[in-house]
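**Student:** Below are the sequence and a predicted model for it; my questions follow.
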Amino acid sequence: MARWLVGLVLISSSGFSVAAWAETSILELLSDEGNLTPQAFLLQVEKDYPGIISEFEIDIENGELIYELSMIDTSAETVTEFEFRAKDGRLVTQQVSTLEADDRDELIAVNLMEDKSLTFYTLVDKAMKDKQAFILEAQLDHDLGISYLELKLINGDGKSKMAFDIKTLRPLPLLKWD
């Protein structure tokens, strides 16, 4: 126990934080050429499965990068949640459920995307036009009468957030409240 505390004090006093280590670890996994990039993965999923991706995020399980996403199929009125291995794109789990009331905001955004003949990949690509970063999370939402894509990104400078209007295909200012 004493060694552990001394190690913790040494790490703390060195200015090294657990959060910085975690960000570095995620960035290293995303930069590993053995893993599919999030964008390449999104493009592949859109070709292989029906519906529109409404949410994407990464997870690390046992040191392995896992891509988690949800797809809304408006014709079948379902939401499918998936987990895939980033190494080879292999499906780990899949769960299908019917659309519910709490899916309403994402469904409004998905309907607008269908009206504009947009895919999730295309929307992400337009939003990240000049950004050199990896996607940590991406989610469709509808709030205050605006349908948008919210992105959480990471690069060597750290994490950042952005919102992108689906209707105008332009970045939105981020409002902060809590």
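**Tutor:** That came in fine, so what should we check first?
**Student:** Show me which helix or strand of this protein is least confident by mean pLDDT.
**Tutor:** helix 2-13 (a mean of 39; mean pLDDT, DSSP states H and E).
**Student:** Let me see the ranges of the helices in the chain.
**Tutor:** For the chain, the helices defined by DSSP state H occupy 2-13, 18-31, 38-48, 104-115, 120-127.
**Student:** now the last one, how far from the chain's geometric center?
**Tutor:** I take that to be helix 120-127. 12 Å (Cα atoms, centre = their mean, to the nearest Å).
**Student:** what comes up buried for that helix?
**Tutor:** For helix 120-127, a neighbour-count test (16 or more other Cβ atoms under 10 Å) marks F120, Y121, T122, L123, V124, A127 as buried. The C-beta positions use only the backbone N, C-alpha and C, and glycine is treated the same way.
**Student:** Out of these, flag the one nearest to A40.
**Tutor:** Within these, the smallest distance to A40 is 9.3 Å, found for Y121 (Cβ to Cβ).
**Student:** my guess is the closest one meets F41, correct?
**Tutor:** No. Using Cβ atoms under 8 Å, Y121 is not in contact with F41, being 9.4 Å away.
**Student:** center of this protein, which residue is that?
**Tutor:** E137 (2.3 Å; Cα atoms, centre = their mean).
**Student:** got a list of what it touches?
**Tutor:** E55, F56, E57, I58, E150, L151, K152 (Cβ atoms under 8 Å, 6 or more residues apart in numbering).
**Student:** one more time with 6 Å, if that's ok
**Tutor:** E57, K152 (Cβ atoms under 6 Å, 6 or more residues apart in numbering).
**Student:** what bridges to it?
**Tutor:** For E137, the beta-bridge partners under DSSP bridges are E57, K152.
**Student:** Would you check how far apart it and E33 are?
**Tutor:** When distance is defined by Cβ to Cβ, to the nearest Å, E137 is 22 Å away from E33.
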